[in-house]
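S.K.: Pasting the sequence and the predicted coordinates here, then a few questions.
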Amino acid sequence: MIHIAIAHIANHLNQYLKRTFDLNEDIVVTSNIVEQDGTVVSHINNKLVMCLINVEKDTVALRQQMNGNSGGQRIVTGPPPLYFNLYLMVIGHFSSNNYSEALKFLSNSISFFQRSPVFDHASTPDLDKRIDRLVLDIENLNFQDLSNVWGVLGGRYLPSVLYKVRMVVFDAGDVRGQTATVQEPQYSIHA
């Protein structure tokens, strides 16, 4: 599900940038920056790279679901769905003589996500049916956190922006049974 969510976001950003700048080839790729052996990934030169930085369980969404009232006569029981936040970094990976290109594509990416921060079935009908929606919010990093992220990535800083992608749901859809709801008795007093 994670790969589907990221691929969906990357595809829509890529299509937007290709239309905006009349490009014939893809400009957005999903990839690591550095291979496991420490070498730079070769296919990301002069590209905008989307890189997964972290996966976080969203406990707020789970609490809201558990406190909700279905209002029905029966409740379907099974394992509860898992809600995740994905931390997705958009990186301008351009050579030093194309630094302004990195800034141009990064700026236009920020504009795209500002205009379209929500991907749902109404705005993007090709969204996988198992995903209800994806919501992107920019995350601020202080210099220390930014340094730590780039240290973990194994590279030197490149122009980038970090997004928190909310509402990625994992739901196996396994139904173990159905349970009748308990309702308060209705009393009426007639005078």
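M.R.: Yep, that arrived.

S.K.: looking at the sheet around Val28, what are its partners?
M.R.: Here Val28 sits in beta bridges with Leu48, going by DSSP bridges.

S.K.: wait, it sits on Ala10?
M.R.: Yes. Between Val28 and Ala10 there is a contact at 5.1 Å, judged by C-beta atoms under 8 Å. For the C-beta atoms, the positions are set from N, CA and C on the backbone; glycine is no exception.

S.K.: can you list residues touching both of these two?
M.R.: Met50 (C-beta atoms under 8 Å, 6 or more residues apart in numbering).

S.K.: can you map out the helices along the chain?
M.R.: 2-21, 59-67, 99-115, 143-153 (DSSP state H).

S.K.: Quick one: these as JSON lines, columns for mean neighbour count, distance to Leu127 and mean pLDDT too.
M.R.: JSON lines is the format used below for the helices of the chain (neighbours: other C-beta atoms under 10 Å; distance: least, C-beta to C-beta, whole Å; pLDDT from 0 to 100):
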{"stretch": "helix 2-21", "mean neighbour count": "16", "distance to Leu127": "6", "mean pLDDT": "97"}
{"stretch": "helix 59-67", "mean neighbour count": "11", "distance to Leu127": "18", "mean pLDDT": "57"}
{"stretch": "helix 99-115", "mean neighbour count": "16", "distance to Leu127": "16", "mean pLDDT": "97"}
{"stretch": "helix 143-153", "mean neighbour count": "13", "distance to Leu127": "28", "mean pLDDT": "92"}
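
S.K.: got a pLDDT number for the residue lying closest to Ser123 once chain neighbours are set aside?
M.R.: Distances taken as C-beta to C-beta, 6 or more residues apart in numbering put Ser116 closest to Ser123, at 6.7 Å, once the chain neighbours are dropped. On pLDDT, Ser116 comes in at 94.

S.K.: hang on, the earlier thing: just so I know, which of the helices of the chain lies nearest His93?
M.R.: Taking C-beta to C-beta, helix 99-115 is the member of the helices of the chain nearest to His93, at 7.3 Å.

S.K.: who does the closest one touch, helix- and strand-wise?
M.R.: On a contact count with 3 or more C-beta pairs under 8 Å, 6 or more residues apart in numbering; DSSP states H and E, helix 99-115 meets helix 2-21, strand 47-57, strand 82-93, strand 133-139, strand 160-170.

S.K.: Can you lay out these as CSV showing distance to Ser109?
M.R.: Formatted as CSV, the helices and strands packed on helix 99-115 follow (distance: least, C-beta to C-beta, whole Å):
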stretch, distance to Ser109
helix 2-21, 6
strand 47-57, 6
strand 82-93, 5
strand 133-139, 11
strand 160-170, 7
